[in-house]
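Colleague: kindly return the folded structure for what I paste below:
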Amino acid sequence: MSEQSPLTKEEVIHVAGLARLELTDDEVTTFTAQLGSILNHAADISSLDLEGLVPMAHPFDLENILRPDVPTASLDREELLAGAPSVESGRFKVGRILGEAP
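Modeller: Residues are numbered from 1 along each chain as shown. Just a heads-up that it's a prediction; the model follows:
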């Protein structure tokens, strides 16, 4: 069964021109059929009776799988800095990544 395309080749050429695309004759023919198929599918979906259905953001119930956020003691600063390759003023010292210093 062959459905008629809701688009004409002229419309595809017009849209391609708006997008500044140069299409060959074969591409125009191919895209006319492909885009027409997409539009036919969208029309099929829009014709569905969705009365009484609740809109949803996700098909499954989502559940947080992370552990509870419980405050704990932090790591010892001196112990952490002792393992750093370079330290300055009680902080990790790293090289510049965005050019020269101001």
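Colleague: just say helix, strand or coil for residue 94.
Modeller: Judged by DSSP: H, G, I helix; E, B strand; the rest coil, the three-state class of residue 94 is coil.
Colleague: show the backbone phi and psi for it.
Modeller: Here the main-chain torsion angles of residue 94 (degrees, to the nearest 10) amount to phi -120, psi 160.
Colleague: let me see the contact set for it.
Modeller: Residue 94 makes contact with residue 86 under the criterion CB atoms under 8 Å, 6 or more residues apart in numbering. Using the backbone N, CA and C atoms, a C-beta is placed for each residue, glycine as well.
Colleague: distance of it from residue 75?
Modeller: Counting by CB to CB, to the nearest Å, the separation of residue 94 from residue 75 is 19 Å.
Colleague: check the offset of the longest helix seen in the chain from the chain's centre.
Modeller: Among the elements of the chain assigned as helix by DSSP state H, the one spanning the most residues is helix 25-46. Per CA atoms, centre = their mean, to the nearest Å, the displacement of helix 25-46 from the mean C-alpha position of its chain is 23 Å.
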